[in-house]
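> kindly return the folded structure for what I paste below:
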Amino acid sequence: MPGFVLIVRARDDADPVMRVGITVSKKVGNAVIRNRMKRRFRALVREVLPEAGLPGADHVLIGRHSGIERPFDDLKAELVKALGKVKR
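The predicted structure follows:
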């Protein structure tokens, strides 16, 4: 997706809890920008992951430079689309 990279890996440990990791590298911007992106990603995860996430899997969001100026609704639609692809 243009704003982030999503990596999902099943844990195969019979635990249905979904875990989330968020990372934004220094290449994306300074600390203020990186923290803003991480806050936006946490809000996305709270809204989308309970319905669209894979139970018993680790989800990792890696921020991209183009994700800074993307509208929140676009990021949300992209996350839903990416999770749909992963489920297939």
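
> would you map the helices across the protein?
31-52, 72-87 (DSSP state H).

> turn the ones you listed into CSV, columns for mean pLDDT.
Listed next are the helices of the chain as CSV, based on pLDDT from 0 to 100:
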stretch, mean pLDDT
helix 31-52, 92
helix 72-87, 91
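
> is the residue nearest in space to the middle of the chain in a bridge, and if so with what?
With distances taken as CA atoms, centre = their mean, residue 61 lies nearest the centre of the chain, 3.6 Å away. Beta-bridge partners of residue 61, counted by DSSP bridges, are residue 6, residue 22.

> coming back round to it: out of the helices of the chain, which is closest to residue 23?
Nearest of the helices of the chain to residue 23, taken as CB to CB: helix 31-52 at 8.3 Å. To be clear about C-beta, it is placed using only N, CA and C from the backbone, and glycine gets the same treatment.

> residues of the closest one that come out buried?
33-34, 37, 40-41, 44-45, 48-49 (16 or more other CB atoms under 10 Å).
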